[in-house]
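# Build me a model:
(2 chains)
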Amino acid sequence: MSANLLAIFYLVSGVLFILALRGLSSPETSRQGNLYGIIGMIIAISVTVISVGNFSIGFVYLIIFLIAGGTLGAFIAFKIPMTAMPELVAGFHSLVGLAAVFVAISAFLNPEIFNLGYPGDIKIASLVEMSLGAAIGAITFTGSIIAFLKLRGIMSGSPITFVGQHILNLALGIILIGLIFYLCKTQSENLFWSLILISFLVGILLIIPIGGADMPVVISMLNSYSGWAAAGIGFTLENTALIITGALVGSSGAILSYIMCKGMNRSFFNVILGGWGATDDTSSKKSSEQKPVKSGNADDAAFLMKNASSVIIVPGYGMAVAQAQHALKEMVDSLKKNGVKVSYAIHPVAGRMPGHMNVLLAEANVPYDEVFELEDINNDFANCDVAYVIGANDVTNPVAKTDPQSPIYGMPILDVEKSKSVLFVKRSLSPGYAGIDNDLFYRENTLMLFADAKKMTEEITKNL
Amino acid sequence: MEIDPFIFRLSIFILSIFVGYYVVWSVTPSLHTPLMSVTNAISSVIIVGAIIASLAGNSNKVFDTASIFGYLAIILAAVNIFGGFLVTQRMLAMYKKKKKDK
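Just a heads-up that it's a prediction; the model follows:
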């Protein structure tokens, strides 16, 4: 196959990947989009194999490894519960990162097969490109592993900070740049290995100071990194499909990070530098003990909702933890039988990754046209009788509007306070991840339902 | 005067960033999780580098250091390609509209 024809095929698969993302603009076209993505991948892999033209024993190994990895991937894809989606995505990011590192290593050790020069005499431009690809890939790998461990609960979600952390990170960053510079001068293999090792370390250091509630930003950011790593390798290999894909994924992750940061009214750097909530625990907790709280049981809640004409459900991470989405759907179904109008309100940062709540509700067969984003539904709270807040907290906290001292001041919130009554399903009065007390708990029209989200929802359904 | 091929690749790269920017803003927020899993799957197209690394080397020796890293990358990318596309498919299949027969 001629080099030009090959390049055209790579261009085609790049275009198919663009169409795959384009399809996601609506749920109807999304499945077709995914198909385009699959076709693009098949084209890219097939033409590469054909162009290399080596169908000896190595090809047999290729097939075996493809099938082995593919089987494992397929197994994971079918088995994974929807609530574990954030961990899964973090885990997958780490694989892309490590694959980028491995490809960069092969290219460094055997540059002839990629037309990059000879060992010890690699073209400078290629060396810079593969170093960047390897470094970003390595950061993506260890960073995603830490994110995975935090999301999985194997590692504590609280930020790990130490004195001099930012200075250390800065120093390591400068060392990385220096290493790339000297690598280009000396072509030394040791420098290349050090580059990768230090990048692994940077990945760890970058993610450990970031707290559990900021995970939506972290996952999006690592998504973006995996794209830039792929693009770096794409430049090294002079491969259009990889360059296009890398740019797409890189900008996609960056946009998602931006949306998540905006959803929390925080700057990207503020999130990356970490340590939210650690500053504030003195002012927030002192008054919470004495204030009276109205708490109720499933019976009260059922009564309130049955007699309402409209109910808005506000799900949060707690719903995911309790796996309450199916119970919630059942409750909504019986409410609808009673003639109650029900809709769902999703805050941009509800859950642990962008769109987390939407997937869970979709899993429970909630039609997506009953689920609304913050800006589309916020005005409806004023006309709604009951807001049922299940597993959410900070995203409803009116302090974000009233108290400039609060760490979440300026964050857009769901105006549940405007509805006639508010039902809070929560395990205890403990503050949310931001460590801030929620004023809503003590309001006249709030009824606290202290229980596991799933059990409470099931009981309410029984009482309807 | 000839233009360095690098400039062409850079042009593709920059234009793709813009394409990505506009395409991703048009993605509906309710599909942001599938967006992440599908971008994950397509970024595994890095497997083309792994294939070259493992197959294009010395034909007398199937496994040398460079090709071993290539094969390892093939396994990782394969997990991601199949896992990423299939889990996206599984998620997207769940997004349904309100039933009309109400």
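
# Low-confidence stretches in the chain?
Unless you meant another one, I'm taking chain A. Along chain A, segments meeting pLDDT under 70 span A:273-290, A:432-435.

# My question was about chain B, not that one.
Counting by pLDDT under 70, chain B has low-confidence residues at B:58-59, B:99-102.

# In terms of helices and strands, where is the residue at minimal distance from the centre of chain B?
For chain B, the residue nearest the mean C-alpha position is B:I42 (1.9 Å; Cα atoms, centre = their mean). Secondary structure assignment for B:I42, by DSSP states H and E: helix B:32-43.

# tell me what that helix is packed against?
Here helix B:32-43 touches helix A:3-23, helix A:27-52, helix A:85-109, helix A:215-237, helix A:240-263, helix A:356-363, helix B:65-92, going by 3 or more Cβ pairs under 8 Å, 6 or more residues apart in numbering or on different chains; DSSP states H and E. C-beta: built from backbone N, CA, C; applies to glycine.

# Swap in 6 Å and give it another go.
helix A:85-109, helix A:215-237, helix A:240-263, helix B:65-92 (3 or more Cβ pairs under 6 Å, 6 or more residues apart in numbering or on different chains; DSSP states H and E).

# And the contacts of that helix?
A:17, A:20, A:24, A:37, A:85, A:89, A:92, A:96, A:223, A:226-227, A:230, A:245, A:249, A:252, A:354-355, A:359, B:27, B:81, B:84-85, B:87-88, B:91-92 (Cβ atoms under 6 Å, 6 or more residues apart in numbering or on different chains).

# re earlier: point out the one among the helices and strands packed on helix B:32-43 that comes closest to A:P159.
Nearest to A:P159, of all the helices and strands packed on helix B:32-43, is helix A:215-237, at 11.4 Å by Cβ to Cβ.

# Count the neighbours of A:L335 for me.
A:L335 has 23 neighbours, counted by other Cβ atoms under 10 Å in any protein chain shown.

# contacting residues around it?
A:L335 sits next to A:M305, A:V342 when contact means Cβ under 6 Å, 6+ apart.

# Just the buried ones among the contacts of helix B:32-43, please.
In the contacts of helix B:32-43, burial by neighbour count holds for A:17, A:20, A:24, A:37, A:85, A:89, A:92, A:96, A:223, A:226-227, A:230, A:245, A:249, A:252, A:354-355, A:359, B:27, B:81, B:84-85, B:87-88, B:91-92, counting by 16 or more other Cβ atoms under 10 Å in any protein chain shown.

# what sits against the closest residue to A:Y368 other than its chain neighbours?
Using Cβ to Cβ, 6 or more residues apart in numbering or on different chains and skipping residues adjacent in sequence, the residue nearest A:Y368 is B:Y95, 5.1 Å away. Each residue near B:Y95 by Cβ under 6 Å, 6+ apart is listed here: A:P27, A:A362, A:Y368.

# again, 10 Å this time
A:26-28, A:30-31, A:358-359, A:361-363, A:366-368, A:371, B:28, B:30-31, B:34 (Cβ atoms under 10 Å, 6 or more residues apart in numbering or on different chains).

# My reading is that it lies in a strand. Confirm?
No: read with DSSP: H, G, I helix; E, B strand; the rest coil, B:Y95 is coil and lies in no strand.

# ok, back up a step: give the PyMOL command for selecting the buried subset of the contacts of B:Y95.
Buried members of the contacts of B:Y95, defined by 16+ other Cβ under 10 Å, are picked up in PyMOL with:
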select buried, (chain A and resi 27+30+358+359+361+362+363+366+368+371) or (chain B and resi 28+30+31+34)
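
# Tell me if A:K455 really is in a strand.
No: according to three-state DSSP, A:K455 belongs to no strand; its state is helix.

# wait, what's in contact with it?
Taking Cβ under 10 Å, 6+ apart, we find A:K455 in contact with A:A298, A:A322, A:A324, A:A327, A:V425.

# By neighbour count, which of the residues you listed wins?
The most crowded member of the contacts of A:K455, judged by other Cβ under 10 Å, is A:V425 (29 neighbours).

# Next, that one: phi, psi?
Backbone torsions of A:V425, given as degrees, to the nearest 10, read phi -90, psi 120.

# Settle this for me: it is touching A:T446, isn't it.
No: the criterion here is Cβ atoms under 10 Å, and A:V425 misses it with A:T446 at 11.8 Å.

# Tell me the residues that contact both of these two, please.
Jointly contacting A:V425 and A:T446 under the rule Cβ under 10 Å, 6+ apart are A:V389.

# what about A:A345, which SS state?
strand.

# number of nearby residues for it?
When neighbours are defined as other Cβ under 10 Å, A:A345 has 28 of them.

# partner residues bridging it?
Beta bridges link A:A345 to A:F372 when assigned by DSSP bridges.

# follow-up on the earlier one: of all the helices and strands packed on helix B:32-43, which one comes closest to B:I12?
Proximity to B:I12 (Cβ to Cβ) singles out helix A:240-263 among the helices and strands packed on helix B:32-43, at 5.5 Å.

# Just want the angle from that closest one to helix A:85-109.
Interaxial angle, helix A:240-263 versus helix A:85-109 (axes from the mean of the first three to the mean of the last three Cα atoms, to 10 degrees): 140 degrees.

# Check which helices and strands the helix or strand following helix A:240-263 sits against.
Counting by DSSP H and E, the next helix or strand C-terminal to helix A:240-263 is helix A:268-273. Counting contacts by 3 or more Cβ pairs under 10 Å, 6 or more residues apart in numbering or on different chains; DSSP states H and E, helix A:268-273 packs against helix A:165-186, helix A:215-237, helix A:240-263.

# Neighbours of the closest residue to A:Q32 other than its chain neighbours, how many?
The shortest distance from A:Q32 to any non-neighbouring residue, by Cβ to Cβ, 6+ apart, is to A:G23 (5.5 Å). Neighbour count for A:G23, taken as other Cβ under 10 Å: 25.

# does any bit of the helix or strand containing B:I52 sit next to chain A?
Assigned by DSSP H and E, B:I52 belongs to helix B:47-55. Yes: using Cβ under 10 Å from any Cβ of the partner chain, helix B:47-55 reaches chain A at B:I47, B:V48, B:G49, B:A50, B:I51, B:I52, B:A53, B:S54, B:L55.

# My read is that the first one contacts B:I74, right?
It stands for B:I47. Yes: between B:I47 and B:I74 there is a contact under Cβ under 10 Å: 6.1 Å.

# Report the backbone C-alpha coordinates of stretch A:453-464 in PDB.
C-alpha atoms of stretch A:453-464 as PDB (Å, rounded to 0.1, in the frame of the first residue of the first chain):
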ATOM      1  CA  ALA A 453     -31.400   6.800  50.200                       C
ATOM      2  CA  LYS A 454     -32.500   3.500  48.800                       C
ATOM      3  CA  LYS A 455     -34.400   2.200  51.800                       C
ATOM      4  CA  MET A 456     -36.100   5.500  52.400                       C
ATOM      5  CA  THR A 457     -37.200   5.700  48.800                       C
ATOM      6  CA  GLU A 458     -38.500   2.100  48.900                       C
ATOM      7  CA  GLU A 459     -40.500   2.800  52.000                       C
ATOM      8  CA  ILE A 460     -42.000   5.900  50.600                       C
ATOM      9  CA  THR A 461     -43.200   3.900  47.600                       C
ATOM     10  CA  LYS A 462     -44.900   1.500  49.900                       C
ATOM     11  CA  ASN A 463     -46.700   4.300  51.700                       C
ATOM     12  CA  LEU A 464     -47.900   5.900  48.500                       C
END
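
# ok, how many other residues are close to residue 9?
Went with chain A since none was named. For A:F9, the neighbour count with other Cβ under 10 Å is 20.

# Not quite, go with chain B.
By other Cβ under 10 Å, the residues close to B:R9 number 18.

# Many thanks, I have nothing further to ask.
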